[in-house]
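Peer 1: Show me how the following folds:
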Amino acid sequence: MTEFTIIKSLKNNKLLTIFSCFFTILFIFLGIWQIDRAGEKAYRMQAFAEQQKKFPMQLKNLSSEWSRVFVDGAYDPMHQILIDNQIHNGKIGYKVYTPFYFGNNQIILVDRGWIPQGKSRNDLPNLNFTSPNLRIIGTLFKPQRGVVAGEELITSDWPRVSQTKSIKIISSAFTDKILEMVLVLDPGSQFLAEHIPIKPFVITPEKHYGYALQWFTMSIVLLSMFFYALKREH
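Peer 2: Down below sits the predicted model:
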C-alpha cells in the first residue's frame with residue numbers, strides 16, 4: 001500500500017487502530033516489565049546463594065532476610081503453629097512453626113520442617129517434645145501472607161492451625177514480642193521434621209523471561225493481524 005492509502009485506511013478504521021496500538025504498546029510494556037522482574041530476582045537469588053555460603057552470625061534485631069544466623073535459647077513446645085495446606089511430594093501436610101525463646105523473652109518462630117496430615121483434618125499430629133537449652137542454626141526469611149480465604153485464619157486451640165504464614169496474624173496468638181522473620185532450620189538440626197529446602201521465589205527468573213517472550217509474541221501477532229485486516233480492504 002502507498003503512504004496515502006495507509007493513512008486513508010487508518011482513518012477509516014479508527015477504532016481498530018486505537019485498539020491495536022493500545023494493546024500492542026501494553027503487551028510490549030508488560031514484556032519489558034517481566035524482563036526487569038527477571039533481572040531483579042536473578043540479583044536477589046545470587047545474594048541469597050552468597051548468604052548461604054557464609055558462616056552463621058548471632059541473631060540480632062537488625063539481622064537481614066536470608067542471613068544465616070545462630071541463636072541460643074529454648075523451644076516452647078506447648079504453643080506450636082501448624083501452617084495448613086502445605087504440599088510436599090504430592091502429599092498434603094503442615095509446616096511446623098515452633099516458638100523459640102531467647103534473650104529477654106523474645107520469640108522467633110522456627111520452621112521445623114514438614115509433617116504429613118493425619119487421616120482427617122481433625123486428626124492433628126503429635127508435636128510433643130522436651131526442649132533443653134540449645135543453640136539452633138538456620139536461615140532467616142520473611143513469610144508473606146499470600147492469598148487466603150475464610151474468616152478463621154488461625155484456630156483457638158493448641159497446636160493452632162493457621163491458614164497463613166503472616167507473622168502479623170500468627171503473633172496474635174502470643175503475648176510476648178515476636179520477631180518479624182522466621183528461622184528455617186539447617187538440615188540435620190535437632191528436632192527437625194522433614195526438611196524442605198528454601199526457595200527464595202516461587203517464580204524463577206527463567207519463568208519471567210518466558211512470560212516476557214509470550215507478551216512480545218502477542219504484540220507481534222496483534223500487529224500482524226492489524227496490518228492483515230487493513231490489507232484486505234484493498
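Peer 1: Quick one: low-confidence residue ranges for the chain.
Peer 2: 1-14, 145-152, 229-234 (pLDDT under 70).
Peer 1: where do the helices sit along it?
Peer 2: For the chain, helices defined by DSSP state H occupy the ranges 3-12, 14-52, 167-170, 205-232.
Peer 1: Need the winner for burial among those.
Peer 2: Mean neighbours per residue, mean count of other Cβ atoms under 10 Å, is largest over those for helix 167-170, with a mean of 16. C-beta: built from backbone N, CA, C; applies to glycine.
Peer 1: What is it packed up against?
Peer 2: Helix 167-170 sits against strand 178-185, with contacts defined as 3 or more Cβ pairs under 8 Å, 6 or more residues apart in numbering; DSSP states H and E.
Peer 1: thinking again about what came up before, the helices of the chain: which one's closest to Gln86?
Peer 2: helix 167-170 (14.6 Å; Cβ to Cβ).
Peer 1: In terms of residue numbering, what are the domains of this protein?
Peer 2: 3-45+205-232, 67-185 (automatic domain parsing).
Peer 1: These into JSON lines, with extra columns for distance to Glu194?
Peer 2: Output for the domains of the chain, formatted as JSON lines (distance: least, Cβ to Cβ, whole Å):
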{"stretch": "domain 3-45+205-232", "distance to Glu194": "24"}
{"stretch": "domain 67-185", "distance to Glu194": "5"}
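Peer 1: can you tell me which of these comes nearest to Leu192?
Peer 2: domain 67-185 (5.0 Å).
Peer 1: The closest one: end-to-end distance?
Peer 2: 12 Å (Cα to Cα, to the nearest Å).
Peer 1: Can I get the helices of the chain in a markdown table including distance to Trp158?
Peer 2: Shown next, in a markdown table, are those (distance: least, Cβ to Cβ, whole Å):
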| stretch | distance to Trp158 |
| --- | --- |
| helix 3-12 | 69 |
| helix 14-52 | 33 |
| helix 167-170 | 13 |
| helix 205-232 | 39 |
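Peer 1: Determine which of those approaches Val184 most closely.
Peer 2: helix 14-52 (11.1 Å).
Peer 1: Which elements pack onto the closest one?
Peer 2: helix 205-232.
Peer 1: switch to 10 Å and redo it
Peer 2: If contacts are counted by 3 or more Cβ pairs under 10 Å, 6 or more residues apart in numbering; DSSP states H and E, helix 14-52 sits against helix 3-12, strand 134-141, helix 205-232.
Peer 1: buried set for the second one?
Peer 2: Residues of strand 134-141 classed as buried: Ile136, Gly138, Thr139, Leu140, Phe141 (neighbour count, 16 or more other Cβ atoms under 10 Å).
Peer 1: ok, that strand: who's next to it in the sheet?
Peer 2: strand 68-75 (antiparallel), strand 178-185 (antiparallel) (DSSP bridges).
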